[in-house]
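Peer 1: heads up, no residue letters with this:
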């Protein structure tokens, strides 16, 4: 009589385990964003997987290196490795990164993903490699609590041509130069030559600049001369950020990938990197002020927010297996990151500021930003009988950019020396359920004195990036609300 009892108890136990497994592994949410998707689920233990696909959803052969920007301004490596379509990583580093951001309500920190991947085949039959800077964001509470994470990223990639003979003999599907090596090296190589596996890794080389809780300008007007200042009645500047509803405010990092040793190789720019996203928070603030140039005189008039900034350089290395010998490939990635001050966000504060630089023609303070913009960005000429109005929301409405990249955030002096065309950007996303249309806005309104409307005009150079920035597998110029204002003569 005892035997059936044990059978029943054992069956119940097995059933309980099976039901527990089904409950804990069922995906609880899928989070879709413009250029990536993140799926969370519960399970026994924790997993972390990166998936890389092309625009049609086909798997891409890739090597990835991932980094997180910590609240204290330093960088943490989250993982590196190679795969075909997908790769599993040790989740401990991602979980530790998430732990540092717990307690920041509504804040989703970004993960920088530097990719080297197969993009078609060269004429000699070898794989053509491409480089890209991408990213995704995480919900710290979910990750820190041990939920599984799957991040999916899309890249522009053509599949390599298959070699039928090689495929039949070895089972490989990546051409003769990508045959599968023995053992565990299989998922760790981009190319193989005579039994040697070659992986690529992007390693942090140096942090050129890092500043916490510093002034970050979002809208600025420069008036160079006293004569121009005399005729301009007023300059109104506004900056507004609002993440209190289902609106999402995005801070995109700017990345520049180039070949360090070859001047002829063009630089590719990307805004598919996220420093941080603010969603459903209580964070909101604005500043609006009017300057009077006839009283204040020439200068650079500025509004913005208190933020953290960093400029970091990463270098690509080839790592040969067996042996692990590494050698730089000559490719570098400069990444410029901006976010609202982490220290203030932890206290649920977004701090804004107003400022003025009284020396607009030297190369210090805010004026050095304008000097660099004039040399390396695109100055777009505008003129009017009465006023110059520059509004970041109008850029989106007029089709000059998209809401996720509504305006550029100017680069700092150190960044200018490294990559003068580089910029970070700010934008947002309005969900279909939301009636809120403004999430982050920068505005400038400069008025000519009324008594000179019939005899003079007011003009300006409004700057936008001269480089194309890839975002969502498309390229965009990123406009700014950084404006040189003057009175044309002659």
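Peer 2: Received the coordinates, thanks. Everything numeric here is computed off the predicted structure, so don't read it as measured data.
Peer 1: mind listing what's buried in the longest strand along the chain?
Peer 2: Determined from DSSP state E, the single longest strand within the chain is strand 196-223. Buried residues in strand 196-223, counted by 16 or more other Cβ atoms under 10 Å: 197-204, 208-210, 215-223. Every C-beta, even on glycine, is put in place using the N, C-alpha and C of the backbone.
Peer 1: now do stretch 39-53
Peer 2: Within stretch 39-53, the residues that qualify as buried are 39-42, 46-53, counting by 16+ other Cβ under 10 Å.
Peer 1: which of the residues you listed scores worst on pLDDT?
Peer 2: In terms of pLDDT, residue 42 ranks lowest among the buried residues of stretch 39-53, with 91.
Peer 1: so which residues of the stretch 1-150 of the chain form helices?
Peer 2: Taking DSSP state H, counting those that start in this stretch, the helices of the stretch 1-150 of the chain run over residues 2-25, 92-100, 140-144.
Peer 1: quick check: mean pLDDT across the longest one?
Peer 2: Which is helix 2-25. Here the average pLDDT along helix 2-25 is 45.
Peer 1: do the shortest one as well
Peer 2: Confidence over helix 140-144 (mean pLDDT, whole number) is 96.
Peer 1: mind giving me the packing neighbours of it?
Peer 2: helix 92-100, strand 107-121 (3 or more Cβ pairs under 8 Å, 6 or more residues apart in numbering; DSSP states H and E).
Peer 1: how about a cut-off of 7 Å?
Peer 2: Secondary-structure packing of helix 140-144 (3 or more Cβ pairs under 7 Å, 6 or more residues apart in numbering; DSSP states H and E): helix 92-100.
Peer 1: what comes into contact with the helix it packs on?
Peer 2: Contacts with helix 92-100, where a contact means Cβ atoms under 7 Å, 6 or more residues apart in numbering, come from 46, 48, 68, 70-71, 76-79, 138, 140, 143-144, 149.
Peer 1: run the angle between that helix and strand 107-121 for me.
Peer 2: Using axes from the mean of the first three to the mean of the last three Cα atoms, to 10 degrees, the inter-axis angle of helix 92-100 relative to strand 107-121 is 150 degrees.
Peer 1: show me what counts as buried in helix 92-100.
Peer 2: Neighbour-count burial for helix 92-100, with 16+ other Cβ under 10 Å as criterion, is recorded at 93-95, 97-98, 100.
Peer 1: which of the residues in stretch 59-71 are buried?
Peer 2: Buried residues in stretch 59-71, counted by 16+ other Cβ under 10 Å: 60-69, 71.
Peer 1: quick one: least confident helix or strand in this protein?
Peer 2: helix 164-170 (a mean of 37; mean pLDDT, DSSP states H and E).
Peer 1: residue nearest the centroid of the protein?
Peer 2: residue 273 (2.2 Å; Cα atoms, centre = their mean).
Peer 1: surely it touches residue 253?
Peer 2: Yes. Assessed by Cβ atoms under 7 Å, residue 273 is found in contact with residue 253 at 4.0 Å.
Peer 1: shared neighbours, those two?
Peer 2: residue 335.
Peer 1: could you check the angle strand 107-121 makes with the longest strand of the chain?
Peer 2: Strand 196-223 and strand 107-121 are oriented at 120 degrees to each other (the same axes, to 10 degrees).
Peer 1: what average pLDDT does strand 196-223 get?
Peer 2: Mean predicted confidence for strand 196-223 is 93.
Peer 1: downstream of that strand, the next helix or strand is which one?
Peer 2: helix 226-231 (DSSP states H and E).
Peer 1: which secondary structure elements does the helix or strand following that following helix contact?
Peer 2: Downstream of helix 226-231, the first helix or strand assigned by DSSP H and E is strand 232-242. Under the contact definition 3+ Cβ pairs under 7 Å, 6+ apart, strand 232-242 sits against strand 196-223, strand 284-291, strand 299-321, strand 440-448.
Peer 1: what lines up beside the third one in the sheet?
Peer 2: According to DSSP bridges, strand 299-321 has the following sheet partners: strand 196-223 (antiparallel), strand 325-340 (antiparallel), strand 352-357 (antiparallel).
Peer 1: got the buried residues for the second one?
Peer 2: Same thing as strand 325-340. 329, 331-340.
Peer 1: do stretch 235-250 as well
Peer 2: Applying a neighbour-count criterion of 16+ other Cβ under 10 Å, one finds 235-243, 245, 247-250 buried in stretch 235-250.
Peer 1: got the end-to-end distance for it?
Peer 2: Distance across stretch 235-250, first residue to last, is 28 Å (Cα to Cα, to the nearest Å).
Peer 1: domain map for the protein?
Peer 2: Split into domains by automatic domain parsing, the chain comes to 27-194, 208-309+331-486.
Peer 1: figure out which of the ones you listed is closest to residue 318.
Peer 2: Among the domains of the chain, the nearest to residue 318 by Cβ to Cβ is domain 27-194 (8.5 Å).
Peer 1: where's the closest one relative to the chain centroid, distance-wise?
Peer 2: Remark: domain 27-194 is offset 16 Å from the chain centroid, using Cα atoms, centre = their mean, to the nearest Å.
Peer 1: do the same with stretch 200-220
Peer 2: When C-alpha coordinates are averaged (Cα atoms, centre = their mean), stretch 200-220 and its chain have centres 12 Å apart.
Peer 1: sorry, back to before: from the buried residues of stretch 59-71, pick the one nearest residue 447.
Peer 2: Among the buried residues of stretch 59-71, residue 69 lies closest to residue 447 (Cβ to Cβ), at 40.2 Å.
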